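Chemist: I need the structure of the sequence given here:
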Amino acid sequence: MDTKHLDGKGKVDYDYNYDILFFKISQREYKKSIELDNIVLDVDKEGFIVGMQIFGASKFLNLTKAVLLKIPNWNFQSNVDGKRIEVRLTFQVMVRNKIIEKNPIIMEPLTETLPNSEITCGVSS
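Modeler: Predicted structure coming up:
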């Protein structure tokens with residue numbers, strides 16, 4: 001089965017009050033969302049996963065809310081293969097003048113059909 005590829009620049013935002021961390025591909029609009037525990041994945045009209053929100057981000061990532069306000073370098077990758085999704089998030093933050101890298105990997109079965117796809121986006125400063 002063919003796999004669609006998408007590479008793009010992205011945006012990151014953090015809502016301090018609600019502790020929600022957002023990553024998304026610029027210039028892509030989502031059509032629907034898929035909810036997984038404390039994570040929501042945004043899917044565009046072509047079936048690409050073009051963004052994610054992490055609810056309770058400070059607890060999930062074991063970082064303070066203040067640290068999450070500035071994420072200068074990050075990379076978001078998603079891979080849909082049949083009924084399974086894998087999301088890899090890699091980013092750096094500064095904690096007490098030391099660069100800390102976080103790289104959570106989320107692997108979940110899908111309850112709906114999406115086309116096989118691979119996404120890569122990120123920002124380096």
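Chemist: most centrally placed residue in the protein?
Modeler: Closest residue to the average C-alpha location of the chain: Met52 at 4.2 Å, with Cα atoms, centre = their mean.
Chemist: wait, what's in contact with it?
Modeler: Phe22, Phe23, Lys24, Ile39, Val40, Leu41, Asp42, Phe76, Ser78, Val87, Leu89 (Cβ atoms under 8 Å, 6 or more residues apart in numbering). Every residue, glycine included, has its C-beta placed from N, CA and C.
Chemist: Could you double-check that the last one sits in contact with Asn75?
Modeler: Spelled out, that is Leu89. Yes: counting by Cβ atoms under 8 Å, Leu89 touches Asn75, with 7.4 Å between them.
Chemist: which of these two has more neighbours?
Modeler: With neighbours defined as other Cβ atoms under 10 Å, Leu89 and Asn75 compare such that Leu89 has more, 21 against 17.
Chemist: and that one, that's in a strand?
Modeler: Yes: the assignment for Leu89 is a strand, going by DSSP: H, G, I helix; E, B strand; the rest coil.
Chemist: any chance you could map the strands in this protein?
Modeler: 4-15, 20-25, 32-36, 39-43, 49-55, 73-81, 84-95, 98-102, 105-109, 117-123 (DSSP state E).
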